[in-house]
Structure formats: structure tokens, C-alpha cells
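Visitor: any chance you can model this:
(2 chains)
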Amino acid sequence: MKRTALALFSALAFASSAAHAVEYTQVQADKSQIRFGYQQMGVSMDGTFGQFTSQLRFDPAAPETAAATIEVALASIDTGSEEGDEEAARKTWFNTKDFPTARFESTAVKALGGNKYEVAGKLTIKGTTQNVVVPATFTPQGTTGVFDGTLTIKRGDFSIGEGAWKAFDIVANDVVIKFLITAAAK
Amino acid sequence: MPAHYTPTAKTLHWVIAMLIFGMLGLGFYMTGLDLSPTKLQIYSWHKWVGVTVFMLVVVRLAWRVTHRPPALPSHMAPIERLAAHAGHHLLYVLMFAIPLTGWLMSSAKGFQTVWFGVLPIPDLLAKDKALGDLLQTVHLGLNLLLIAILLAHVGAALKHHFFDKDDVLTRMLPRRRA
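Guide: Here you go, the predicted model:
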């Protein structure tokens, strides 16, 4: 009788722990950040995008079921100067009038072991879509988890910086984008 | 045999003078430009030359402190001597302070200087928009003062040469070998 009760109890405990999957879905905008870095005539420059929305579904026990989309309001750019911010909105750069948002939509998530992942997805900026793979880490912090991803893109691929800015001698081609997304578990 | 400035002092004087002349022109021109790749290039060149001038001025100050220049001509009245000394001291202060305020301004505005694209110059200040704008005003103000003092400096040199007919100007010129 005791053994059966014990077996039943263990089975129940096991079943409930398997059913109780931790899913991170509540993105905390105030604890999230999108930064970018680039070279300007050999000098490292950086900036941020202040406004973005993010949808996330991530269960560390089942990473291949994860999905993420990030939509960035490009007009919220902070290049470090007003002059730069105004320039970035122009047609030769982001053309925020015709293309106000940049969008990342994940297509597959692969666990690499430890807390490392590879998030494959489509990145759309200024009407051009590219397949990208973002290496990311996930660090649980109590009831929240922090996703840290770094992606290097070539601005030339998206026609960001046209005309006089097309050459890469003043503003380099490589732009490093860092996503830091904090999400609470349901 | 009238005393001349040392060849080192002369070289520093004329090289720095030419650089300052160029920098004043470049500085006033570049701030009026719309943002473009050319503008960024000109700003970089202005900062690179500025760093160079600053280093030359440090050398020049060290030379001046260790090498007494020729005495002022005896015909000069005390008030004239005072004006001469004050003007020269002010020039040294401005030649040091102007590139320094440029450096501080660039740091405060978040634009690090990498000398000729190879040597990173440390940012002395953290990024601070209000401070950056203030330093910009200071940099401009000091440059306007420099222009005024330079006009007086050049005017005085010409006055000594053409009116007093003394050797104040010629002793800063390259000495003709007999």
C-alpha cells in the first residue's frame, strides 16, 4: 500500500513538473535595449533605438519551439547627436518616412548547449529582407530571463547610406547590433 | 650684431602660425557645412591638426621657459613693454587653451579623437550634451579673442618694422647667411 502510494505520488510529481514548462513571454521594455555600433573614420561610434516592441515565446526546456519578433521604430534612433538623428531619417539612410520600422522575425531556434543558442530569422530593413543567424545567450535571473544577442550586418546590403555615403571610407559597412531583451516567465 | 631668436624658436613660431591660420579658416568654414561625408572628413582633419598644434605648443612652451628671447628694444616705453608682454603671455595661454577646449568639447559631445586614424586620444570627459555645448561656445569665444590678439600682434610687428624701424620683426625671420 505504502509503495503504491509512493509510486503514485512520484508519478504525479513527475507529471506535474513536466507539465509545468517555464515560458518567457512578458517582455520588459524598461529592462530591454537595442544598441548598435559602427566605425566612422576609424573612430568607434555607437547609438541606440529607444522604441521597439517585442513578442517572445521561449521555454528553455523546449528551445526549438521558441519564437521571437522584434519591431524597431527607426525614428527613435539616438546617434549621439541631433544632426546624426536627422540625417539617419533621410532617404539616403533609413528613409523612415517610407520604411518606419525594422523587423526581425525568428524562423528557428537551435540550442548549442550551456546557455547558448542560435536564432535564425528574417531581418527586414528599408524594404530588403535578409536571412540572418543571431548568436544569443539566455540567462535566467529569478523570475525573469535575459536574452543577449549580437548580430553584425552590412549596411550596404540594406542600402543604408546611399549616394555620397555609399562608400565605406567614412562610415564603415559593418554595423554590430546588440539586442538585450528581458522577459518574465508566465 | 643684433640678437635673433634661436632657429628652434623661429621654426616653432612660423610652423605654428601657419597651422593656426589654416585651422581658423577650416574651423569657421566647417561649422557652416551641412552634414556630409566631406564635413566629417574636414572635422577629422581639424581635430588631427589641432592635436598636432597642441603638441607643438607644449614643446614651444618648454623651449620658451628654457631659452630667454632677445630683450625688447630700448626705445619702448613702459606701457608699450607691458602691452607686449601681456600680448605674448595671452597668446601662449590661448595656444594652449584653444586645442584643450577642442579636445574637451569633442569628448563631451561623444566623438573620440583618433589622431590621423591611428592613435586614440583618451576622452577627458564623459558624454554630456550641456557641457559639450558650453565647451563649443568657449572654444569659439577663445578663437575670436585669438583673432583679435593676432591682429594686434601682426599690427605691432609691422609698426615696429615700418615706423620704429627696429629689429623686432626681422629677428624672428630666418637669418640670411652672409
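Visitor: for B:R81, what are its contacts?
Guide: Contacts of B:R81 were listed using Cβ atoms under 8 Å, 6 or more residues apart in numbering or on different chains, and they are B:L72. The C-beta positions use only the backbone N, C-alpha and C, and glycine is treated the same way.
Visitor: now it: how far from B:P70?
Guide: Using Cβ to Cβ, to the nearest Å, one obtains 13 Å as the distance from B:R81 to B:P70.
Visitor: the residue nearest to B:K109 when sequence neighbours are not counted: what secondary structure?
Guide: Distances taken as Cβ to Cβ, 6 or more residues apart in numbering or on different chains place B:G132 nearest to B:K109, at 3.9 Å, with adjacent residues excluded. For B:G132, the secondary structure call by DSSP: H, G, I helix; E, B strand; the rest coil comes out as helix.
Visitor: wouldn't B:G132 be in contact with B:M105 here?
Guide: Yes. B:G132 lies in contact with B:M105 (Cβ atoms under 8 Å); the separation is 5.9 Å.
Visitor: comparing those two, which residue is more hemmed in?
Guide: The residue with more neighbours, out of B:G132 and B:M105 and counting by other Cβ atoms under 10 Å in any protein chain shown, is B:M105; that gives 22 against 19.
Visitor: quick check: that one touching B:Q136?
Guide: Yes. Checked against Cβ under 8 Å, the pair B:M105 and B:Q136 is within contact range at 5.4 Å.
Visitor: for chain A, list the residues in contact with chain B, please.
Guide: Residues of chain A lying close to chain B (Cβ under 8 Å from any Cβ of the partner chain) are A:40-45, A:80-81, A:83-84, A:86-87, A:164-165, A:167, A:169-171.
Visitor: show me just the buried residues among those.
Guide: The neighbour-count test (16 or more other Cβ atoms under 10 Å in any protein chain shown) applied to those identifies A:40-41, A:43, A:45, A:80-81, A:84, A:87, A:165, A:170-171 as buried.
Visitor: what about those residues, which are in strands?
Guide: Among these, the members falling in strands (DSSP state E) are A:40, A:43, A:45.
Visitor: closest to B:I147 among the residues you listed?
Guide: Using Cβ to Cβ, A:V43 is the member of those that sits closest to B:I147, with 29.3 Å.
Visitor: I'd say the closest one and B:S107 touch.
Guide: No. Look at A:V43 against B:S107 with Cβ under 8 Å: they stay out of range, at 12.0 Å.
Visitor: just the helices in chain A please.
Guide: Taking DSSP state H as the criterion, chain A carries its helices at A:2-19, A:82-89.
Visitor: meant to ask about chain B, not that
Guide: Listed in chain order (using DSSP H), the helices of chain B are B:7-30, B:37-66, B:78-108, B:129-159.
Visitor: what angle separates the third one from helix B:37-66?
Guide: Comparing the axes of helix B:78-108 and helix B:37-66 via axes from the mean of the first three to the mean of the last three Cα atoms, to 10 degrees yields an angle of 140 degrees.
Visitor: and helix B:78-108, average pLDDT?
Guide: Here helix B:78-108 scores 97 as its mean pLDDT.
Visitor: in contact with the residue nearest to B:T170 when sequence neighbours are not counted, which residues are there?
Guide: On the basis of Cβ to Cβ, 6+ apart, the spatially nearest residue to B:T170 that is not a chain neighbour turns out to be B:H161, at 7.1 Å. Taking Cβ under 8 Å, 6+ apart as the definition of contact, the neighbours of B:H161 are B:168-170.
Visitor: would you mind giving me the ChimeraX syntax to select the buried ones in these?
Guide: To isolate the buried subset of those in ChimeraX, counting by 16+ other Cβ under 10 Å, use the following:
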select /B:168,169
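Visitor: could you dump stretch A:140-149 to CSV, C-alpha only?
Guide: Output for stretch A:140-149, consisting of C-alpha atoms alone and laid out as CSV, is shown next (Å, rounded to 0.1, in the frame of the first residue of the first chain):
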residue,chain,number,x,y,z
PRO,A,140,17.7,33.2,-16.1
GLN,A,141,17.6,35.8,-13.3
GLY,A,142,15.0,34.8,-10.7
THR,A,143,11.5,35.0,-12.4
THR,A,144,12.9,36.8,-15.5
GLY,A,145,15.3,35.8,-18.2
VAL,A,146,17.7,37.9,-20.1
PHE,A,147,18.3,37.3,-23.8
ASP,A,148,21.6,38.7,-25.1
GLY,A,149,22.2,38.6,-28.9
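Visitor: how far does it sit from the chain's center?
Guide: 13 Å (Cα atoms, centre = their mean, to the nearest Å).
Visitor: cool, stretch A:114-125 as well?
Guide: The chain centroid and the centroid of stretch A:114-125 are separated by 7 Å under Cα atoms, centre = their mean.
Visitor: please report how far A:F179 lies from chain B.
Guide: 22 Å (Cβ to the nearest Cβ, to the nearest Å).
Visitor: just give the nearest non-adjacent residue to that residue, would you?
Guide: Closest residue in space to A:F179, ignoring its immediate chain neighbours: A:G149 at 4.4 Å, by Cβ to Cβ, 6+ apart.
Visitor: surely the one you found is in contact with A:K178?
Guide: Yes. Counting by Cβ under 8 Å, a contact exists between A:G149 and A:K178, whose distance comes to 7.3 Å.
Visitor: neighbour-wise, which of the two wins?
Guide: A direct count of neighbours by other Cβ under 10 Å for A:G149 and A:K178 places A:G149 higher, at 21 against 15.
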